[in-house]
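In: Fold the following for me, if possible:
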Amino acid sequence: MTYYGGRELAASFRTVRNNTIQIAEEIPEESYSFRPSADSRTIGQTLAHIGMVTAFQTYVHQNRIDSLTKVNFPELMQKFSAEETKPRHKAELITFLKAEGEKFATYLEGLSESFLAEPVGMPPGAAPASKSRLEMLLSPKEHEMHHRGQLMVMQRMIGMTPHLTRQSQERMARTAPRATA
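Out: Residues are numbered from 1 along each chain as shown. I've put the predicted structure just below:
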């Protein structure tokens, strides 16, 4: 028996995605073209990329692929890239993030412990040689959190304070008077 299964994966992923959506909603559309350096994604491109973070894992696990040696990576990445690079305005990106996030979370909710325990072989030479489906299905959340951190830095670069920072500051302000009493 595990204490972290499909329902917990889904709830955790929804929390992360909702925080990403709040960032997307707060950043003005005119800032979506902001790019912190010449070789980095814009805010809009980063959000589109985040919208696609679940695609690979969904493909692998819905098709019950048991070894990544069975995946045609060039073909799959070309398909994902075409979706990620579609031109989208702010409202379309937010709709995309919401739809893809909820689709993935709903999928996660229905996964059994036995399915999550199944091993999936990694490419030759990879360490470890296999990972559980649970470990693999945690990676979209981790990937999204990485890029959300980038978005938060970009928010600061355009003069905004990220909502999670504001919430932390508000909590600190509420507890400060009690600490001195």
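In: okay, CA-based contacts and neighbour counts for the rest of this
Out: Fine.
In: which residues in this protein form helices?
Out: For the chain, the helices defined by DSSP state H occupy 6-26, 43-51, 55-62, 73-84, 90-109, 113-117, 133-157, 163-180.
In: Send over the third one as PDB, restricted to the C-alpha atoms.
Out: This file holds the C-alpha atoms of helix 55-62, laid out as PDB (Å, rounded to 0.1, in the frame of the first residue of the first chain):
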ATOM      1  CA  ALA A  55       2.300  15.400 -23.600                       C
ATOM      2  CA  PHE A  56       5.200  13.000 -23.500                       C
ATOM      3  CA  GLN A  57       4.100  11.300 -20.300                       C
ATOM      4  CA  THR A  58       0.500  11.000 -21.500                       C
ATOM      5  CA  TYR A  59       1.700   9.400 -24.700                       C
ATOM      6  CA  VAL A  60       3.900   6.900 -22.900                       C
ATOM      7  CA  HIS A  61       1.400   5.800 -20.200                       C
ATOM      8  CA  GLN A  62      -1.800   5.900 -22.100                       C
END
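In: Does anything pack onto it? Which helices or strands?
Out: Taking 3 or more Cα pairs under 8 Å, 6 or more residues apart in numbering; DSSP states H and E as contact, the helices and strands that helix 55-62 lies on are helix 133-157.
In: average pLDDT across the helix it packs on?
Out: Here helix 133-157 scores 97 as its mean pLDDT.
In: and if you look at stretch 174-181?
Out: 70.
In: Right, I'll call it a day here.
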